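Trainee: What shape does this take:
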Amino acid sequence: VQLQASGGGLVQAGGSLRLSCAASGRAFRAYSLGWFRQAPGKEREFVAAMRSGGGNIVYADSVKGRFTISRDRNMGYLQMDSLKPEDTAVYFCAAQAGASLTTPQYGYWGRGTLVTVSS
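Mentor: Residues are numbered from 1 along each chain as shown. Model prediction:
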């Protein structure tokens, strides 16, 4: 499975962006989907994740109520609303979680896409 995240960019605080994760291979549909982010000088952190069937959706407290994860066939999405400067980071999509959806123990990772939120 190969993943490619896209949709990042520069947005003002309060704005919205929709990130996409394009996956190759039908195996993706059987895998969980996760989004993580990494800000400069910080460790990679969990953002949102969901199981293959669309159930068990989990969000980091910092994005709950503002971000929405979804998927459709070989695509994953992260709708980001009410963006804040602290959301600035490189965002990564990942597939095939380990025992936990919220730890970065995923089998497949895509290249990140940069999101910059200006104040």
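Trainee: Report the secondary structure element holding the residue nearest the centre of the chain.
Mentor: The residue lying closest to the centre of the chain (Cα atoms, centre = their mean) is W35, at 2.4 Å. In this assignment (DSSP states H and E), W35 forms part of strand 33-38.
Trainee: Now do that strand: everything it contacts.
Mentor: With contacts defined as Cβ atoms under 8 Å, 6 or more residues apart in numbering, strand 33-38 is touched by 19, 21, 44-50, 52, 69, 71, 76, 78, 87, 89-95, 97, 101, 104, 106, 112, 115. For glycine as for every other residue, the C-beta is placed from the backbone atoms N, C-alpha and C.
Trainee: mind redoing it with 6 Å?
Mentor: 44, 46-50, 71, 76, 78, 89-95, 97, 104, 106 (Cβ atoms under 6 Å, 6 or more residues apart in numbering).
Trainee: which ones among the residues you listed are found in strands?
Mentor: 46-50, 71, 76, 78, 89-95 (DSSP state E).
Trainee: out of those, who has the most neighbours?
Mentor: C93 (31 neighbours; other Cβ atoms under 10 Å).
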